[in-house]
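output the structure for:
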Amino acid sequence: MCTTTGKGKIHTPILPNESTFDLQSHTGLRGLCALWVVLFHNFLWGSYGNIINLYASVAMPIFFILSGFSLSIFYGSKINNNNDFKKNFYRNRFARIYPMYILTLIVMLPLKFTDFGGPKIFVDGSVAQWISQIITNILLVNRWLWPLKLSYPINGPSWFVSVLWFQYMIFPYSIKCYRSINRKILSIAHHIILTVFISTFLMRKMNFVAATMTIISPGFLMFHTGMLCGFWCEDKIIEIKGKQNDSNFSHRFQMKWAKYADISSILLFSWVFVSTILKAAFEINYKANFVTQIYGTPLMIVMIISLTLDGGKSRIGKLCRLDVFQFLGKISMSLYLIHFPIMQYFCLILRYAAPNLLTLTDHRPMVMPNGTMPWWGVFIMVPISVLAAYLLEHYVETPCRKFIKVQRKVNED
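The predicted structure follows:
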């Protein structure tokens, strides 16, 4: 398995066997995408958000695919022990996400009574609607109720957690079915086609351009596409295991996948970059978030598979293996959940301390109808968000996961 030194230098990798996967690049990719999302929101809700759009919603399918991929690898060999497998899976997922989720939900709740708390539906709603809204958010089932009004998340980015929670609930059952599929590449193609068809239909008939914010299409399809990718990589590695002692073969194999990783990542991120330029320079908006998320899925799949098999030799793999992105990958969920309320509290403070800074331009996004964060706020909010995410991961997520492990060991003894 590939490893890195403390300074981020990569040792010569060898091919993993069927029980050892090198997912270090995946961790870094999560960190890169999490930072992308934070920058996206800071610019979008900033003074020039009508001009600068980083289209980081494209990162959401990557998160879904990575999640399905990693879980299929980690739990694929454990499904035969049915009772322990389900119990351990649910406990681990709960400790990994729920405490952080609830904490950020509590932090976000007071903002709903301000000018910086999101859609006015929260302020204008009845008491019964408010109670229902809070209950569905606490139970993480709000996005399961789309297109009802109850589907709105209190902490905007947490819609992703609600959709992912649905996939977690069915994962112990669906993994058995998906592991038994023989023609995995064909099944991946079917999932892509269904994603394109259903999501395009929802966009055209209901003007639903949010793409990934539903539990079935593409949430279910992308998550389970990730599972199929993980099982396919496992089969691929078992297939070539007998040739692993041939260093020339190992090098050629990894360089082939390194080329695929670089080509797919360059095409995907160039697509996003060009979309940003078209928006900023020419005011051309072709629903780039939706189009890239849905129709760019094949590029994401090739990139994620390639990063598993390239041994860290691709340029994008080396980038993802840098210490900074490994660190961001470790705190990615905390960073994703906490950055939004931090940004909005900053604007709330400015409202009383320096209200003129909220009206530097005429841009008024939905979540900030009475002002926007000053353009320079991104240089303050991003470091603060990273620090807050580190504290959340260190003092909330990690202790909860350790507690679950200790309890499991006590129960086993």
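
from here on, just use CA atoms for contacts and neighbour counts.
Fine.

got the end-to-end distance for stretch 348-367?
End-to-end distance of stretch 348-367 (CA to CA, to the nearest Å): 12 Å.

got it, and stretch 117-136?
End-to-end distance (CA to CA), stretch 117-136: 18 Å.

chain neighbours aside, what residue packs nearest to the most centrally placed residue in the chain?
With distances taken as CA atoms, centre = their mean, residue 63 lies nearest the centre of the chain, 3.1 Å away. Taking CA to CA, 6 or more residues apart in numbering, and ignoring the residues beside it in sequence, residue 63 has residue 30 as its nearest neighbour in space, at 6.9 Å.

coming back round to it: secondary structure class of the residue nearest to the centre of the chain, three-state.
helix (DSSP: H, G, I helix; E, B strand; the rest coil).

what count of nearby residues applies to the residue nearest to residue 51 when sequence neighbours are not counted?
Leaving aside its sequence neighbours, residue 51 sits nearest to residue 280 (CA to CA, 6+ apart; 4.8 Å). Residue 280 has 17 neighbours, counted by other CA atoms under 10 Å.

with residue 248 instead?
For residue 248, using other CA under 10 Å, the count is 11.

likewise residue 277?
Using other CA under 10 Å, residue 277 is surrounded by 16 other residues.

that one belongs to a helix?
Yes. Looking at residue 277 with three-state DSSP, it is inside a helix.

and it, what does it touch?
For residue 277, the contact set (CA atoms under 8 Å, 6 or more residues apart in numbering) is empty.

likewise for residue 133?
So residue 133 contacts 142, 150-152, 154 (CA under 8 Å, 6+ apart).

can you confirm it is in a helix?
Yes. Using three-state DSSP, the assignment for residue 133 is a helix.

any regions of the stretch 51-200 of the chain where pLDDT drops low?
When residues are selected by pLDDT under 70, those of the stretch 51-200 of the chain lie in 81-83, 119-125.

just the helices in it please.
For the stretch 51-200 of the chain, the helices defined by DSSP state H, counting those that start in this stretch cover 59-75, 82-108, 121-124, 127-138, 159-179, 184-206.

tell me which of those sits most buried.
Per-stretch averages of neighbours, counted by mean count of other CA atoms under 10 Å, single out helix 59-75 among the helices of the stretch 51-200 of the chain, with a mean of 22.

what lies in contact with that one?
For helix 59-75, with CA under 8 Å, 6+ apart as the criterion, the contacting residues are 21, 23, 26, 30, 33-34, 36-37, 85, 160, 164, 175, 212, 219, 222-231, 234, 293, 297, 300-301, 304.

export the contacts of residue 133 to a markdown table and tack on neighbour count and distance to residue 96?
Formatted as a markdown table, the contacts of residue 133 follow (neighbours: other CA atoms under 10 Å; distance: CA to CA, whole Å):
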| residue | neighbour count | distance to residue 96 |
| --- | --- | --- |
| 142 | 26 | 20 |
| 150 | 20 | 25 |
| 151 | 20 | 23 |
| 152 | 23 | 23 |
| 154 | 26 | 20 |
